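Undergrad: My questions are about this predicted structure, shown below with the sequence.
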Amino acid sequence: MTVMRQSLRAVRLALAVVSSVAALGGVVTPLAAQHLLLPMDAVQANHLKAYGVTFSALREGVRSEWLLNYRGGAFLLPDVPSLRRAALLAGVTVEPMDAAAVRALRGEMTEGNMDAVPLEKAPRIAVYTPPDAPPWDDAVTLALTYAGIPYDAIWDDAVLDTDLSKYDWIHLHHEDFTGQQHKLAAVYRDAPWFVRSRERDLAMARRFGHADIPALKKAVADRLAAFVSRGGFLFAMCGSTETLELALAGRDVDIAGVAADGSPVDPAADGKMDWTRAMAFAGATLEMAPGVNAMSDIDGHQVNVPLRRQPLGTFALFGFSAKFDPVASMLVQNHRTVLRDYFGVTTSFTRNRLKPGVTILAEEAGAPWVKYVHGSFGRGSWTYLGGHDPEDPQHAVGAPPTDLALHPNSPGYRLILNNVLFPAAKQKPLKT
Amino acid sequence: MIARRSRVRRLVYVIGGALLLTRPLAAQPDPAAAVLTRAMDAENQGRPREAIAAYREAIARGAVIPGVLGLERAFSLVAQEDSVLPALDTLVARFPREAALRNAQLRALVAVGRATEAHRAFDAWRVVDPESIDPYRDYARVLLFNGRMASADTVLGEAVRRLGSTRGMLLEVAQLRAGLGRWTEAASAWREVMQAESYYEMAAFYSMQPTPVALRDSVREWWGVATAPLGARQALAQLEVAWGAPRRGWELLAALPVRDTTVAIWEQFAQEVERVEAWGVLTEVVVAIQRARPSSAQALRAARIATRAGADTLALRLAREAQQGPVDERRVAEAVPVELETLARLGRAAEAERVLAAASKSLGPEGTRRQARTIAMAWIRAGDVDRARRAVREAPLEDADAVRGWLALYDGEIGTARTALRQADAPDPPRIEVLALLTRTTATQSRTIGAAYLALARGDSTRAERAFEQVATELPEVASLALLSAARLQAARGESAGAAERWALIVAQYGSTPEAAEALLEWGRLARRTGDRAAARARFEQLILTHPTSALVPQARRELDGLAMEERR
């Protein structure tokens, strides 16, 4: 007991020392500075957790700034003990700055293609993910958990039953919104995880009065589109991008095969698709063959169709004007401009299927597809990023989870986290 | 200026030499050859004025190109680069299609900064030879050499417009793009160069080494894929070494099909890796070479490198491989010491003695005596002091010998042990661990410390643990480390509760010592294992906040990440 008391005393003493003498990354600065710069260039020891530290500042109500195109998209935070502590715990590199240094920094930023965007409040985040999915099953939940950014997990019932306007940002797990479970039945029909997920979705469909899974997922897709049109931010990766669009455009068409709803795809489905309902794509051709593991020609890589499969290359992020195009600039902040590509059920987006007005954020030079796109829909906006896991290029079902501690500087995961902070950068639109 | 002149001179020598061998303007009459020889002698002996006169005479006698090139060099020696121009003007008028003269003219004009005249000379050459790529290539090359990237870019663009492509100027295009910082395009161009001529891999390597971190993946994409030429993969592997990722470099080369070329590439790569002292990767490279082209010498080299990497078991296997085949006493004499050293490090003393006895004929009496020290070290590792002493009875030790240090330590003579072990130079983790304790006290004798380490060497963890606990009482200045050593032994035996008590004591009473960091980490891990996440989190956070410079901080952060995942699940 005495030992424990002594131990607690030692801890308290140590914490007192830490809060008075800010020791950061081995550099002891005896006096508090006025600001902390979180550089996001090659100097940063942990890019991903830097987003978490910035997010925690917003949660504390501390106003921060995102310095677009400055040192890889650095963050400028007020120098408060709780943030120093958070940075130290997370291993995030910070550079204390006094007022003169901040003035000089601002002077430098006015000269070039840079701008400071105020971050006002921590966005409320929901991730659309099955109830039994572990965090490492999805790149976004993995990134959020690693960075220490809290989120609510929501599933079909929450989307259909609750008021989504309480969230600023929704991410879609790699779900198939056409209700065909990515046409994996042919291979995994008897696999326990596949059987479980089909039974779970069927039960959910019946609970909400839908005849089958495709009908349930179309209803969910509609609600998600409504969330965006009312001012929400939607971020989707992998197969959820393409299938959400197909579900929206094909709301009144049978686009699901026999394995999903007991009836074949309407042979005239292509002509019946209403692309005005979709957010990003138009004029796509459905893949109707049940044995061909692809949904449409939206995906450029067709990873699961051996004869169509395209090899992985690299994709380059576009540079935007920070002052005139801050939204696109925020989404591409990175310490790398060329990134290795990675597969997913939907890896990329065929260029000629994009609607006019869609902003291309990253593309593979010379290829007929793009990787990363953004656009507005109603009063909100959406961002699609192709591929499943930026650090697992050949991801396969059953592959071991990615350990982000081994990729703290992942440029691909930074793209995901740019999207998380992006809604913090502007006034929350009214959603009714 | 001097550096630039020296570069120009080097270039002139190289080009001149090549031209002398491959492109004589015309058959040289003997008198001209004699004059040329005289000119070169004068130049080499530091008499440039005399050389200039002789080169002029050689030109007059018909040795035009070697004469002009010599004249250019000689004028450069006296810092009068522009003085060669009048001679060139005359000769270019006489031989308007001669590329070597045109090239020398462009070189001289650009070097002395007469850019307008250089461009005019380039235009004149193009008029004479409108279908040739030579004017564009040579002018671009001269501009690149002088750091005039933008002008070179214009010339290459002009070549594309006039000739339809830069196919014949791949090298210049690649250099230009790298020089302009267009790294992705440079990587693509260099790949084409290496596709055509693989020996350019070193030029590509030097050209692309400054690629910024943000764009290195594009180089990897162009050079690292299976369809890239071998030279490109080789260059990328060397770049990875230069960029601080030798393992990534080795991964590019390891999968190459085994053939003589591959082995030669691996050898070259091994030299690069050795330069940066990446012993672990180097071990893999030399082992791969040994597997591809087995030989005793290669096995021995691999064994020595594996020893440096701390891969003792592998080193032992390789040292034995080096002795296979017909008996060769010289080979045995070289390999046995490596084998004995690894056996000693592994504490396999009896085996080491047998190996030494078997090899005594090859080693000779003096060689055998020299290995006595290694045998002693093996017995020390095994905790058999008497045999260690016997082993070195016939081999007197220096004061600073580690063997003397260990024996003194076991005797409790820690002052002597401190001196001897501190001065020993071989990398040896147990020695460093002992020194960490000995250097914290000024005591010269402690039978308890000796007993603790002796028990440890003998594998008697219970006795060692008790001894360390006693050390903590007898020598308060080393108490934290002694308690931590005791706790480590308890934890290794699975006595978590007892270990936790000691960790708690260290944190409470010796919170500012380095041992407190390890105690917090292990204490936190125990809490995590037993499901007490809150306590675990508190300890990991305390470690990071109170010991921010500790080498254990990354491990604490990793534990926190693990906790976050568990909590989210």
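TA: Thanks, I have the structure now.

Undergrad: Please list all residues in contact with residue B:307.
TA: Applying C-beta atoms under 8 Å, 6 or more residues apart in numbering or on different chains, we find residue B:307 in contact with B:315, B:338, B:341, B:342, B:345. (C-beta placed from N, C-alpha, C; glycine too.)

Undergrad: distance between the helix or strand hosting it and the chain's centre?
TA: Residue B:307 belongs to helix B:296-308 when assigned by DSSP states H and E. Distance, stretch centre to chain centre, for helix B:296-308: 17 Å (C-alpha atoms, centre = their mean, to the nearest Å).

Undergrad: How about stretch B:336-349?
TA: On C-alpha atoms, centre = their mean, the centre of stretch B:336-349 falls 27 Å from the chain's centre.

Undergrad: Excluding its own residues, what touches that stretch? List them.
TA: B:300, B:303-304, B:307, B:312-313, B:315-316, B:319-320, B:322-323, B:351-352, B:355-356, B:359, B:362-363, B:370-371, B:374-375, B:377-379, B:381-382, B:384, B:387, B:428.

Undergrad: Then stretch B:215-235?
TA: Contacts for stretch B:215-235 (C-beta under 8 Å, 6+ apart): A:313-314, A:316, A:336-340, B:183-184, B:187-188, B:190-191, B:194-195, B:198-202, B:204-205, B:208, B:211, B:236, B:239, B:243, B:252-253, B:256, B:261, B:265, B:268-269.

Undergrad: Strands - which of these land there?
TA: Taking DSSP state E as the definition of strands, the contacts of stretch B:215-235 contribute A:314, A:316, A:338, A:339, A:340.

Undergrad: buried stuff in the longest strand along chain A?
TA: Taking DSSP E as the criterion, chain A has its longest strand at strand A:369-377. When neighbours are counted by 16 or more other C-beta atoms under 10 Å in any protein chain shown, the buried residues of strand A:369-377 are found to be A:369, A:370, A:371, A:372, A:373, A:374, A:375, A:377.

Undergrad: Who are the packing partners of the next helix or strand after that strand?
TA: Per DSSP H and E, the first helix or strand lying C-terminal to strand A:369-377 is strand A:380-385. Helices and strands touching strand A:380-385, by 3 or more C-beta pairs under 8 Å, 6 or more residues apart in numbering or on different chains; DSSP states H and E, are helix A:213-229, strand A:233-237, strand A:369-377, helix A:411-421.

Undergrad: The second one to strand A:380-385, inter-axis angle?
TA: In terms of direction (axes from the mean of the first three to the mean of the last three C-alpha atoms, to 10 degrees), strand A:233-237 departs from strand A:380-385 by 20 degrees.

Undergrad: Show me what the very next helix or strand once past strand A:233-237 is packed up against.
TA: The helix or strand immediately downstream of strand A:233-237 is helix A:238-249, counting by DSSP H and E. Other elements packing on helix A:238-249 under the criterion 3+ C-beta pairs under 8 Å, 6+ apart are strand A:169-172, helix A:213-229.

Undergrad: worst average pLDDT in the ones you listed?
TA: Mean pLDDT is lowest for strand A:169-172 out of the helices and strands packed on helix A:238-249, coming in at a mean of 94.

Undergrad: Which other helices and strands does that strand contact?
TA: strand A:125-128, helix A:213-229, strand A:233-237, helix A:238-249, helix A:411-421.

Undergrad: what does chain B have sitting close to chain A?
TA: B:184, B:213-215, B:217-218, B:220-221, B:501, B:504-505, B:507-509, B:511, B:538, B:541-542, B:544-546, B:548-549, B:553-554, B:557-558, B:560-561, B:564-565, B:568-569 (C-beta under 8 Å from any C-beta of the partner chain).

Undergrad: quick one, what contacts the one residue sitting closest to the centre of chain B?
TA: Nearest to the mean C-alpha position of chain B, by C-alpha atoms, centre = their mean, lies residue B:276 at 2.2 Å. Shown in contact with residue B:276 (C-beta under 8 Å, 6+ apart): B:241, B:246.

Undergrad: Just to check, residue A:213 is in contact with residue A:262?
TA: No: Residue A:213 is not in contact with residue A:262 according to C-beta atoms under 8 Å; the separation is 10.8 Å.

Undergrad: neighbour count winner among those two?
TA: Neighbours were counted for residue A:213 and for residue A:262 using other C-beta atoms under 10 Å in any protein chain shown; residue A:213 has more, 24 against 10.

Undergrad: Helix, strand or coil: sort out the nearest residue to the more buried one once chain neighbours are set aside for me.
TA: Leaving aside its chain neighbours, residue A:213 sits nearest to residue A:179 (3.9 Å; criterion: C-beta to C-beta, 6 or more residues apart in numbering or on different chains). Under DSSP: H, G, I helix; E, B strand; the rest coil, residue A:179 falls in the coil class.

Undergrad: give the contact list for residue A:179.
TA: Applying C-beta under 8 Å, 6+ apart, the residues near residue A:179 are A:201, A:212, A:213, A:214, A:215, A:216, A:217, A:218, A:247, A:256, A:260, A:261.

Undergrad: how near is it to residue B:75?
TA: According to C-beta to C-beta, to the nearest Å, residue A:179 stands 83 Å off from residue B:75.

Undergrad: again with residue B:480
TA: 75 Å.

Undergrad: pretty sure residue A:373 is touching residue A:355, no?
TA: No: counting by C-beta under 8 Å, residue A:355 is not a contact partner of residue A:373; they are 9.7 Å apart.

Undergrad: tell me, what's touching those two both at once?
TA: residue A:280.

Undergrad: State the distance from the residue in the stretch 51-200 of chain B that chain A sits nearest to to residue B:34.
TA: Going by C-beta to the nearest C-beta, chain A is nearest to residue B:184 of the stretch 51-200 of chain B, at 6.4 Å. Using C-beta to C-beta, residue B:184 is found at 55 Å from residue B:34.

Undergrad: More neighbours: which of those two?
TA: residue B:184 (20 against 13).

Undergrad: What strand or helix carries the spatially closest residue to the more buried one that is not a sequence neighbour?
TA: Residue nearest to residue B:184 in three dimensions, not counting chain neighbours: residue B:218, with 4.1 Å by C-beta to C-beta, 6+ apart. Residue B:218 is part of helix B:216-223 when elements are defined by DSSP H and E.

Undergrad: relative to helix A:411-421, how tilted is that helix?
TA: Using the same axes, to 10 degrees: helix B:216-223 against helix A:411-421 is 140 degrees.

Undergrad: C-alpha coordinates for helix B:216-223, PDB please?
TA: Output in PDB follows, covering the C-alpha atoms of helix B:216-223 (Å, rounded to 0.1, in the frame of the first residue of the first chain):
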ATOM      1  CA  ARG B 216      10.800   8.800 -54.900                       C
ATOM      2  CA  ASP B 217       7.800   6.500 -55.400                       C
ATOM      3  CA  SER B 218       7.700   7.600 -59.000                       C
ATOM      4  CA  VAL B 219      11.300   6.500 -59.500                       C
ATOM      5  CA  ARG B 220      10.400   3.200 -57.800                       C
ATOM      6  CA  GLU B 221       7.500   2.800 -60.100                       C
ATOM      7  CA  TRP B 222       9.600   3.300 -63.300                       C
ATOM      8  CA  TRP B 223      12.700   1.400 -62.200                       C
END
